[in-house]
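**Q** Could you look at this predicted model? Sequence included:
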Amino acid sequence: MPYTTLVFLSRKPGTTPEEFRNYYAGSHMPWFRELAGSHFPVRHIQRYIHRTEGPINYGNTQRNPSTPATIFFGSQAEFDYDVVVTLEYKDAAHFEASYKFIQQPDIAAKVAADEERFLDRGQTRCVVLGEIIEMTAP
């Protein structure tokens, strides 16, 4: 049974949403996929928060003073991260092996050094997903 986590990532202060996306998708993830090898998840999906640049103030936050999220319910502060990442592993054992791999001091140091280029690492959040119920259009 797949083992899935959601990770909420925020860009480093001074980094634009575009710079963040370009580095994360174009540099960090290809590098990390090679580093992780068999420890890489079977699926890695990046879903970016839609942001609109401009002077319109919808309760903007310090992190996003001119790039508010397009929200329907909630506040800007609740959507101050930049991307929601879905990581899907073959099973819990695959996740545990992957997590153990990235916690090795030499690997963790390499990952942290690269993440410092674009992430506000103190804002990173991760949660394990449980049961999946899917509905489709009739």
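**A** That came through, no problem.

**Q** From now on I want contacts and neighbour counts done on CA atoms only, so please keep to that.
**A** Noted.

**Q** elements contacting the helix or strand hosting residue 33?
**A** When secondary structure is defined using DSSP states H and E, the element that contains residue 33 is helix 29-36. In terms of contact count using 3 or more CA pairs under 8 Å, 6 or more residues apart in numbering; DSSP states H and E, helix 29-36 is assigned the packing partners helix 92-103.

**Q** Which SSE is immediately downstream of the helix it packs on?
**A** Following the chain from helix 92-103 toward its C-terminal end, the next helix or strand by DSSP H and E is helix 105-115.

**Q** The helix or strand that that following helix is followed by pairs with which strands?
**A** Proceeding C-terminally, helix 105-115 gives way to strand 125-128 as the next helix or strand, assigned by DSSP H and E. According to DSSP bridges, the neighbouring strands of strand 125-128, each with its direction, are strand 3-9 (antiparallel).

**Q** What lies in contact with the helix or strand just after the partner strand?
**A** The C-terminal neighbour of strand 3-9 among helices and strands, as given by DSSP H and E, is helix 17-23. Residues outside helix 17-23 that contact it (CA atoms under 8 Å, 6 or more residues apart in numbering) are 11, 82, 118-119.

**Q** for those, which one is nearest residue 45?
**A** Distance to residue 45 across these (CA to CA) is lowest for residue 82, with 13.4 Å.

**Q** burial measure for the nearest residue to that closest one once chain neighbours are set aside, as a count.
**A** Of all residues not flanking residue 82 in the chain, residue 10 sits nearest, at 5.0 Å (CA to CA, 6 or more residues apart in numbering). Residues lying near residue 10 (other CA atoms under 10 Å) number 23.

**Q** check contacts around residue 10.
**A** Taking CA under 8 Å, 6+ apart as the criterion, residue 10 is in contact with 80-83, 119-121, 123-124.

**Q** now the residues you listed: which count as buried?
**A** For those, a neighbour count by 16 or more other CA atoms under 10 Å gives the buried set as 80-83, 119-120.

**Q** how about those in CSV, adding distance to residue 5 and pLDDT?
**A** Rendered in CSV, the data for the buried ones among the contacts of residue 10 read as follows (distance: CA to CA, whole Å; pLDDT from 0 to 100):
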residue, distance to residue 5, pLDDT
80, 19, 87
81, 16, 93
82, 17, 95
83, 13, 97
119, 19, 97
120, 19, 96
